[in-house]
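**Q** when you get a sec, could you give me coordinates for this:
(chains A and B)
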Amino acid sequence: MTSTQNVRIPAEGAADGAVAAPSRWRSFGRTLGVVWSNGKARVGIVILALFVLVAVFAPLLAPYDPKDTSFERNLDANGAHWLGTTAAGEDVLSQLIFGAQISILVGLAAGVLSTLIAVAIGLSWGYLKGLSSEVVGFIVNLFLVIPGLPLMIVIAAYLQNGGILMIIAVIVVTGWAWGARVLRSQTQSLRSRDFVTAAQFSGERAPRIVFREILPNMTSLIVGSLFGAATAAILAEAGLEFLGLGDSSIVSWGTMLYWAQNSNALLTGQWALLFAPGLCIALLALSLTLINFGVDAVSNPRLREGKAKK
Amino acid sequence: MKYIAGKLGLFVLTLWAAVTLNFFLPRLMPGSPADAAIAKLSQNGPVTEATRAAIEAQLGVPDGSLWEQYVSYLRQVVTLDFGVSYTFYPQTVSSMVSTALPYTIILVGIVTIVAFILGTLIGVAAAWKRGTWLDALPTLGGSFMSTFPYFWTALLLLFFAGYVLHWFPTTGAYSATTTPAFTPAFIGDALLHAALPALTILVTSLGGWIIGMRNAMINTLGDDYVTFAEANGLRGGTVAVRYAARNAILPNLTGFGLALGGVVGGSILVEQVFGYPGIGYLLFNAVIGQDYPLMQALFLMITVSVLVANFLVDILYGALDPRTRR
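**A** Residues are numbered from 1 along each chain as shown, chains lettered A, B, ... in the order given. Predicted coordinates:
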């Protein structure tokens, strides 16, 4: 970057001779380009977009009402019911389509909320020094080592038959620590940079330095931990629903498998009913993981594709 | 030594915090689990005044100050006396937990170590052969498999290998016709029953190790000393294993301790699907039966096991990385 070739000549339009920083949208577009240039991430974006479209247009796409129990029970796949019917006589395909709504809602809500907590705690933790940093670190590590799913199960059991909001809350409470730790180490390495020192000398307050100066430099990490948290949330929600710990009357992929197991779909041999919801969970989680390959490449050029070392 | 002492201190502090969290969890929740619990217990026969008092003390019905409750709870934890189970009355919680514990520890312990070693080796190979099919296949396959929900992998394996092909038994840890003993017949039977749960955990957790090791390895491969070793004309395999992998494995090892919590959580779902009588299956039954003492004891047990495993990994890390001992 010290090479003179990179110095930009001010455009004629800039009257005072100052070089304008590249506009936010342009750098955003460039970042998006890096993500898109990664083959894995591109596949992930396409899959995610498909699921979002299915969730949004579920009422139009689903052939039947997902809670309509008027069909013949335990049907195998056929022309009228592409994936068969459940033991209660519901259309599996319609349930599958509506199930996308719950998974995407939980992934988005729990992912965003736990990332917000992770950003707030991770950044302040990384900027703080001394005893307060130790205390925060201890709490984060505690949440990190306590196994998440058992904790979720126990909380959900105490909260007796909560709905989807309870599940989101439980996932957020147990799921923010990982992101906080990742963001903290990056904050620590940024806080000794010159631009932070400059901001300190110019008298900026700590919250402003942390959230206005340091935060924008770790956008890709934050996005990465958002996708990571959303993936974990989708899997956790499905797990809790599968154990029957959520509201088992809603139509989600987890409850579909819960009812499938409880109605002995294993014995009746309805493989579509067992196969399809899990595959959707896996594909949705996979799409987020794949996008993260591209997001990782933004912050770590060594992971970018195309320049294989060997 | 100073490193170990520091880690030990942190471990004890974390242990205390986890135990305390387990104490406050039921007390923070709305409603009183004790009333529900007593109602449930009274179905099995009359509840004596002493039992009622014990349950109330355990579940946070105010009996004395919070501090007194806390002290008596700590005494219970130290003496491993968690009272009587509601759903499996009159068995004690401690005896049920100690029956279930070996199954989970053997199953999850062995599978996790196998998955870690296998995943690390594949990760090294993938990073070394970067850009070839040897990289693409494990990386893509691994990330796909690690997104499989544990219970779904379990259901599919159970369906195909258990119900359709009849290769493996479909439920339990051993056949009803055998009795637990150290005989070849029983051990073979137990292994056959553990095969599908083990395979499920292996399939689902392997991907994480592959990706973690691959990414750590790619980072070290870019370092100067690796280039230097190559320039010295060392054989490729030597450079990959003795130079790059040795350093790349350290961050992956820290991940080992933390991922263990995830695997233990996943094993709950797996055990539930296979009816495998370990800690997870017991926890599931405790939750369904609102068996609060059992639930509290199991959660404590799971947390403490994961904490101990993390502590051991920390010690191992100190032994492997001399920099931490300074």
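
**Q** what is the burial count for B:Thr179?
**A** By other Cβ atoms under 10 Å in any protein chain shown, 10 other residues sit near B:Thr179. In short, each C-beta sits where N, CA and C put it, glycine included.

**Q** helix or strand for it, which one?
**A** Taking DSSP states H and E as the definition, one finds B:Thr179 inside no helix or strand.

**Q** mind listing what the closest residue to it other than its chain neighbours touches?
**A** Spatial nearest neighbour of B:Thr179, excluding adjacent residues (Cβ to Cβ, 6 or more residues apart in numbering or on different chains): B:Phe186 at 7.2 Å. If you count contacts by Cβ atoms under 8 Å, 6 or more residues apart in numbering or on different chains, B:Phe186 has them with B:Tyr174, B:Thr178, B:Thr179, B:Pro180.

**Q** pLDDT-wise, which helix or strand of the chain ranks last?
**A** Looking at chain A here, since you left the chain open. helix A:265-268 (a mean of 74; mean pLDDT, DSSP states H and E).

**Q** look at chain B instead
**A** Ranked by mean pLDDT, DSSP H and E, the weakest helix or strand in chain B is helix B:33-41, scoring a mean of 65.

**Q** my guess is A:Tyr127 contacts A:Phe211, does it?
**A** No. Contact status for A:Tyr127 versus A:Phe211: not in contact, 9.8 Å apart, counting by Cβ atoms under 8 Å.

**Q** higher neighbour count, the two?
**A** Between A:Tyr127 and A:Phe211, counted using other Cβ under 10 Å, the more crowded position is A:Tyr127 (20 against 15).

**Q** so what's the spatially closest residue to that one that is not a sequence neighbour up against?
**A** Spatially, and ignoring its direct neighbours in sequence, A:Tyr127 is nearest to A:Val210 (4.9 Å; Cβ to Cβ, 6+ apart). Neighbouring residues of A:Val210 by Cβ under 8 Å, 6+ apart: A:Leu123, A:Ser124, A:Tyr127, A:Thr187.

**Q** quick one: residues contacting the third one.
**A** Contacts were defined as Cβ under 8 Å, 6+ apart; by that measure A:Tyr127 touches A:Thr187, A:Arg191, A:Ala206, A:Ile209, A:Val210, A:Ile214.

**Q** repeat that for 10 Å
**A** A:133, A:184, A:187-188, A:190-191, A:196, A:206-207, A:209-211, A:214 (Cβ atoms under 10 Å, 6 or more residues apart in numbering or on different chains).

**Q** need the buried ones from those selected in PyMOL.
**A** Only the buried entries of the contacts of A:Tyr127 go into this PyMOL selection, using 16 or more other Cβ atoms under 10 Å in any protein chain shown:
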select buried, chain A and resi 133+184+187+190+191+196+209+210+214
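
**Q** from the contacts of A:Tyr127, which land in helices?
**A** Taking DSSP state H, the ones among the contacts of A:Tyr127 that sit in helices are A:Ser133, A:Arg184, A:Thr187, A:Gln188, A:Leu190, A:Val196, A:Ala206, A:Pro207.

**Q** which two in those residues are spaced the farthest apart?
**A** A:Gln188 and A:Pro207 (17.2 Å; Cβ to Cβ).

**Q** got the ones in helices among the contacts of A:Tyr127 as CSV, with distance to A:Thr31 and pLDDT columns?
**A** Output for the ones in helices among the contacts of A:Tyr127, formatted as CSV (distance: Cβ to Cβ, whole Å; pLDDT from 0 to 100):
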residue, distance to A:Thr31, pLDDT
A:Ser133, 31, 86
A:Arg184, 23, 88
A:Thr187, 20, 87
A:Gln188, 23, 84
A:Leu190, 18, 85
A:Val196, 22, 87
A:Ala206, 28, 85
A:Pro207, 26, 86
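
**Q** show me which of those residues is closest to A:Cys280.
**A** Among these, A:Arg184 lies closest to A:Cys280 (Cβ to Cβ), at 34.1 Å.

**Q** in the stretch 201-326 of chain B, what residue comes closest to chain A?
**A** Residue of the stretch 201-326 of chain B nearest chain A, by Cβ to the nearest Cβ: B:Gly265 (2.8 Å).

**Q** check whether stretch A:49-66 contacts chain B.
**A** No. Applying Cβ under 10 Å from any Cβ of the partner chain, one finds stretch A:49-66 separated from chain B by no less than 13.0 Å.

**Q** longest helix of chain A?
**A** For chain A, the helix with the greatest residue count under DSSP H is helix A:92-127.

**Q** oops, could you answer that again for chain B instead?
**A** In chain B, with assignment by DSSP H, the single longest helix is helix B:184-221.

**Q** tell me which helix or strand comes right after that helix.
**A** Proceeding N to C from helix B:184-221, the next assigned helix or strand is helix B:224-231, under DSSP H and E.

**Q** helices or strands up against the following helix or strand past that following helix?
**A** Note on helix B:224-231: by DSSP H and E, the next helix or strand toward the C-terminus is helix B:236-238. Where contact means 3 or more Cβ pairs under 10 Å, 6 or more residues apart in numbering or on different chains; DSSP states H and E, helix B:236-238 is packed against helix B:224-231.

**Q** hmm, 6 Å instead?
**A** Other helices and strands packing on helix B:236-238, by 3 or more Cβ pairs under 6 Å, 6 or more residues apart in numbering or on different chains; DSSP states H and E, are absent; none qualifies.

**Q** show me what counts as buried in it.
**A** So, applying 16+ other Cβ under 10 Å, helix B:236-238 has no buried residues.

**Q** next: stretch A:254-264.
**A** Neighbour-count burial for stretch A:254-264 flags A:Gly254, A:Thr255, A:Met256, A:Leu257, A:Tyr258, A:Trp259, A:Ala260, A:Gln261, A:Ser263 (criterion: 16+ other Cβ under 10 Å).

**Q** and stretch B:114-122, by the same measure?
**A** Buried residues in stretch B:114-122, defined by neighbour count with 16+ other Cβ under 10 Å: B:Ala115, B:Phe116, B:Gly119, B:Thr120, B:Ile122.

**Q** ok, and what's touching it?
**A** Contacts to stretch B:114-122, defined as Cβ atoms under 6 Å, 6 or more residues apart in numbering or on different chains, come from residues B:Pro138, B:Leu202, B:Ser205, B:Leu206, B:Trp209, B:Ile210, B:Met213, B:Phe256.

**Q** can I get those residues in a markdown table including neighbour count and pLDDT?
**A** Compiled in a markdown table, the contacts of stretch B:114-122 are given as follows (neighbours: other Cβ atoms under 10 Å in any protein chain shown; pLDDT from 0 to 100):
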| residue | neighbour count | pLDDT |
| --- | --- | --- |
| B:Pro138 | 22 | 88 |
| B:Leu202 | 18 | 91 |
| B:Ser205 | 25 | 88 |
| B:Leu206 | 22 | 90 |
| B:Trp209 | 25 | 88 |
| B:Ile210 | 27 | 90 |
| B:Met213 | 26 | 88 |
| B:Phe256 | 23 | 79 |
